[in-house]
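[1] Provide a 3D model corresponding to the input given below.
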Amino acid sequence: MDDIFGYINDPAQRYSIQKTLAIIDKQVELIRPYKVRLAAYEGGQHLVHYKTRSKQQHPNPILFAANRDPRMETAYIDLLKGLKQRGLVLFMAFSSPRPNAFWGAWGIKEYLNQPDSETPKYRAIMKF
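    A predicted model of the protein is given here:
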């Protein structure tokens with residue numbers, strides 16, 4: 001799992017938080033002349049392996065564990081702060097609750113009454 005968090009925090013990596021924010025910078029420049037406010041729809045992590053067909057198939061268990069790892073809270077906060085610095089007025093997280101599946105771990109919670117202590121993505125959004 002260290003590799004996953006190393007990757008998303010490494011500015012040199014294509015899908016890092018920093019590269020994502022650089023893409024947002026371009027969007028901000030695009031909308032500036034139109035005085036349109038910045039919003040994020042279906043925001044959040046996209047740790048997914050599109051060739052898997054079961055929850056148990058590698059690397060899904062590792063990706064699911066990364067979504068439960070406390071470092072995910074920090075990653076979400078870093079992303080949200082970066083978006084806010086760029087003028088974000090609305091962040092629509094995708095989604096809650098949603099159980100993990102082979103096509104991704106999208107929910108900020110895996111089930112409705114999941115304890116906050118097990119939900120780093122939810123904690124980050126609530127702090128934000």
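[2] How about stretch 10-27, which residues are buried there?
    Of the residues in stretch 10-27, those with enough neighbours to count as buried (16 or more other C-beta atoms under 10 Å) are 16-17, 20-21, 24. (C-beta placed from N, C-alpha, C; glycine too.)
[3] Next: stretch 58-78.
    For stretch 58-78, a neighbour-count test (16+ other C-beta under 10 Å) marks 60, 63-64, 66-69, 72-73, 75-78 as buried.
[4] Adding pLDDT, secondary structure and distance to residue 101, write the buried residues of stretch 10-27 out as a markdown table.
    A markdown table is the format used below for the buried residues of stretch 10-27 (pLDDT from 0 to 100; DSSP: H, G, I helix; E, B strand; the rest coil; distance: C-beta to C-beta, whole Å):
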| residue | pLDDT | secondary structure | distance to residue 101 |
| --- | --- | --- | --- |
| 16 | 97 | coil | 25 |
| 17 | 98 | helix | 24 |
| 20 | 97 | helix | 23 |
| 21 | 98 | helix | 28 |
| 24 | 98 | helix | 27 |
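[5] And the pLDDT at the spatially most distant residue from the centre of the chain?
    The outermost residue of the chain, judged by C-alpha distance from the chain's mean C-alpha position using C-alpha atoms, centre = their mean, is residue 33 at 28.3 Å. The model reports residue 33 with a pLDDT of 98.
[6] how about it, secondary structure?
    The three-state label given to residue 33 by DSSP: H, G, I helix; E, B strand; the rest coil is helix.
[7] Now do it against residue 52, distance only.
    When C-beta to C-beta, to the nearest Å is applied, the distance between residue 33 and residue 52 equals 43 Å.
[8] swap in residue 89?
    Between residue 89 and residue 52 the distance, using C-beta to C-beta, works out to 36 Å.
[9] Neighbour count for the two, which is higher?
    In this comparison of residue 89 against residue 52, neighbours counted by other C-beta atoms under 10 Å, the higher total goes to residue 52 at 17 against 10.
[10] and that one, what are its phi and psi?
    Note on residue 52: backbone dihedrals following degrees, to the nearest 10 are phi -80, psi 160.
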